[in-house]
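In: here is a sequence together with a model predicted from it:
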Amino acid sequence: MSRTTQGWIFGFLGMLVFSGSLPATRLAMTGFDPVFLTVARVVLAAGVALCLLLGTRQSLPSRRDYVSLLIVSLGTVVGFPLLTALALQFITSAHSLVFIGLLPLSTAIFGVLRGGERLRPVFWLFSGLGSALICGYALRNGVQGAIRGDLLMLAAIVVCGLGYAEGATLSRKIGGWQVICWALVVALPLMLVLLVFTMPDDLQNIGRASWWSLGYVAVFSSLIGFLLWYRGLALGGIGAVGQLQLLQPFFGMVLAAAVLSETVDPAMVMITVAVIACVFGAKRFAKPAR
């Protein structure tokens, strides 16, 4: 099996894990403050990551790698979870998923800026078309949200795209799972301090669903998903494999319908087929431009 094929397989599995992040965050916020939720998920994930690093006796990153790890930490470990949690105070999970359709484009752009990738013009055509289809689908349903929530989601997409590209570039040097583990550990000291100040006064009245959702976003969204995703980006290319996240809004909507009882529009099936075509089109023309 070629490296590119492996990259797409790992990327697809990572995308599936991420699909549950926003619905799980929305559910967790029925019991937790968004800031505490972000801090708690990082602390829990970092604890597991630290055990993995110590258990496998990983060497410390070099000094020059810490700048990249800080970017990954600020972008994907802390920035994206915090900004999306804050946004979900003002908009629905369905509306927030619209912006995830813009994430592949953001990742590809930073893949060029930070990873040095060169992609064909046709690739950008398919990437832009896929993003436009997702946004058009949401607008067709008349989804409306507060401008504050929209701006927070846009900021989340920018920092996440940067974190994805930076992490994928660094993973070629120190390994995909090592990148996210070290990025979590870098954030741990500050998160432990914040945990003390953001801890809810009464934990006993928080529902079981909120606790399970916190567990999901901590273990799966903040760690396991990234282990798969960064591996996929490193093997298959940042811009190419990143297009798989064009499918994430639709998997997320299915989960939102099942978990949050949100309605799934039948037209979603037709749009999904069109988006899949864009993903394969982007894959076909994802080879570096000469």
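Out: Alright, I've got the coordinates.

In: what's in contact with stretch 35-51?
Out: Contact with stretch 35-51 is made by 25, 28-29, 32, 77-78, 81-82, 85, 180-182, 184-185, 187-188, 191-192, 194-195, 198-200, 214-215, 217-219, 221-223, as judged by Cβ atoms under 8 Å, 6 or more residues apart in numbering. Heads up, the C-betas are built off the backbone N, CA and C, glycines and all.

In: how many other residues sit next to Arg64?
Out: A count of nearby residues for Arg64, using other Cβ atoms under 10 Å, gives 8.

In: returning to that earlier point: mind checking which of the contacts of stretch 35-51 are buried?
Out: Buried members of the contacts of stretch 35-51, scored by 16 or more other Cβ atoms under 10 Å, are 25, 28-29, 32, 77-78, 81-82, 85, 180-182, 184-185, 187-188, 191, 194, 198, 214, 217-219, 221-223.

In: other residues contacting the helix or strand hosting Ala183?
Out: Element membership for Ala183 (DSSP states H and E) is helix 176-198. For helix 176-198, contacts defined as Cβ under 8 Å, 6+ apart pick out 33, 35-36, 39-40, 42-43, 45-47, 49-50, 52-53, 58, 61, 65-66, 69-70, 72-73, 76-78, 167-168, 170-171, 174, 222-223, 226-227, 229-231, 233-234.

In: how near is the nearest residue to Gly79 once chain neighbours are set aside to Thr76?
Out: Leaving aside its chain neighbours, Gly79 sits nearest to Val159 (4.0 Å; criterion: Cβ to Cβ, 6 or more residues apart in numbering). Remark: distance between Val159 and Thr76 (Cβ to Cβ, to the nearest Å) = 8 Å.

In: more neighbours, the two?
Out: Each of Val159 and Thr76 has its neighbours counted (other Cβ under 10 Å); Thr76 has more, 27 against 20.

In: give me the pLDDT for the nearest residue to that one once chain neighbours are set aside.
Out: Distances taken as Cβ to Cβ, 6+ apart place Gly163 nearest to Thr76, at 3.4 Å, with adjacent residues excluded. pLDDT for Gly163: 89.

In: tell me how many other residues crowd Gly163.
Out: By the criterion of other Cβ under 10 Å, Gly163 has 27 neighbours.

In: please apply the same query to the one 5 residues further on.
Out: Burial of Ala168 is recorded as 32 neighbouring residues (other Cβ under 10 Å).

In: repeat that for Phe197.
Out: 9.

In: so where's this structure uncertain?
Out: 94, 113-119, 134, 137-146, 239, 260-269, 271-273, 276, 279-290 (pLDDT under 70).

In: show me where it has strands.
Out: Using DSSP state E, no strands are found in the chain.

In: longest helix in it, by residue count?
Out: When the chain is parsed with DSSP state H, its longest helix is helix 147-174.

In: from the contact counts, what lies against it?
Out: helix 65-72, helix 80-87, helix 93-100, helix 103-115, helix 176-198, helix 225-236, helix 238-241 (3 or more Cβ pairs under 8 Å, 6 or more residues apart in numbering; DSSP states H and E).

In: a markdown table for these, including distance to Gln6?
Out: Listed next are the helices and strands packed on helix 147-174 as a markdown table, based on distance: least, Cβ to Cβ, whole Å:
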| stretch | distance to Gln6 |
| --- | --- |
| helix 65-72 | 22 |
| helix 80-87 | 25 |
| helix 93-100 | 24 |
| helix 103-115 | 18 |
| helix 176-198 | 12 |
| helix 225-236 | 5 |
| helix 238-241 | 10 |
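
In: hey, which of those helices is tucked in deepest?
Out: helix 238-241 (a mean of 30; mean count of other Cβ atoms under 10 Å).

In: give me the distance from stretch 28-37 to the chain's centre.
Out: A distance of 18 Å separates the centroid of the chain from that of stretch 28-37, by Cα atoms, centre = their mean, to the nearest Å.
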